[in-house]
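Trainee: Have a look at this prediction, sequence included:
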Amino acid sequence: MSILAERGHVRPATPVPAPLRPVRLLRGRRGEVHRPPTRARVVAGRRPAGAPCAAPRRVAVRWPWLAALAVGSCLMITGLGLLGGGASGAPVPERTATVSVGQGDTLASLAARFAPDSEPGAVVARIKELNRLDRAALVPGLPLTVPVADPAAVPAP
């Protein structure tokens with residue numbers, strides 16, 4: 001004999017809840033709304049590949065303009081370089097004179113003083129060539145041979 005049989009009809013105790021299973025969200029892509037598998041995925045601005053009126057994709061307008069701007073800029077810089085390079089000063093004078101270097105004189109200042117119309121870089125190169133100078137350091141009182149545009153600009157010794 002069992003205890004339950006003696007009591008008669010016994011009501012079951014409170015039901016025990018089933019253990020909770022972790023909930024898993026089913027999403028194909030982040031943020032995408034659920035859609036039936038038979039419906040094509042539509043992306044903003046594009047039509048599906050099998051659409052009857054799918055036109056060929058056009059290149060964005062900004063790329064041709066950007067390429068044209070780059071080519072135009074290169075042509076303009078090249079033209080300015082040719083114009084600037086062709087506007088050089090007078091040639092380096094052939095006439096020379098011997099001068100004494102003063103305190104604080106540089107080759108560029110001597111070139112600007114004795115050949116003002118000529119390009120200073122060419123005159124400095126000519127002074128280095130005439131005096132066999134390797135460096136631009138000058139000692140006060142050193143005699144130098146310099147190209148002279150105007151003989152009146154040379155001080156009397």
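Mentor: Happy to help now that I have it.
Trainee: What is the neighbour count of Ala125?
Mentor: Counted with other CB atoms under 10 Å, the neighbours of Ala125 add up to 14. C-betas here are computed from N, CA, C, even on glycine.
Trainee: can you map out the helices along this protein?
Mentor: 3-7, 62-86, 107-114, 120-131 (DSSP state H).
Trainee: Any chance of these in JSON lines with distance to Leu20 and mean pLDDT as columns?
Mentor: Formatted as JSON lines, the helices of the chain follow (distance: least, CB to CB, whole Å; pLDDT from 0 to 100):
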{"stretch": "helix 3-7", "distance to Leu20": "31", "mean pLDDT": "53"}
{"stretch": "helix 62-86", "distance to Leu20": "55", "mean pLDDT": "87"}
{"stretch": "helix 107-114", "distance to Leu20": "88", "mean pLDDT": "89"}
{"stretch": "helix 120-131", "distance to Leu20": "87", "mean pLDDT": "89"}
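Trainee: could I get these as a markdown table with distance to Leu144?
Mentor: Shown next, in a markdown table, are the helices of the chain (distance: least, CB to CB, whole Å):
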| stretch | distance to Leu144 |
| --- | --- |
| helix 3-7 | 129 |
| helix 62-86 | 29 |
| helix 107-114 | 7 |
| helix 120-131 | 5 |
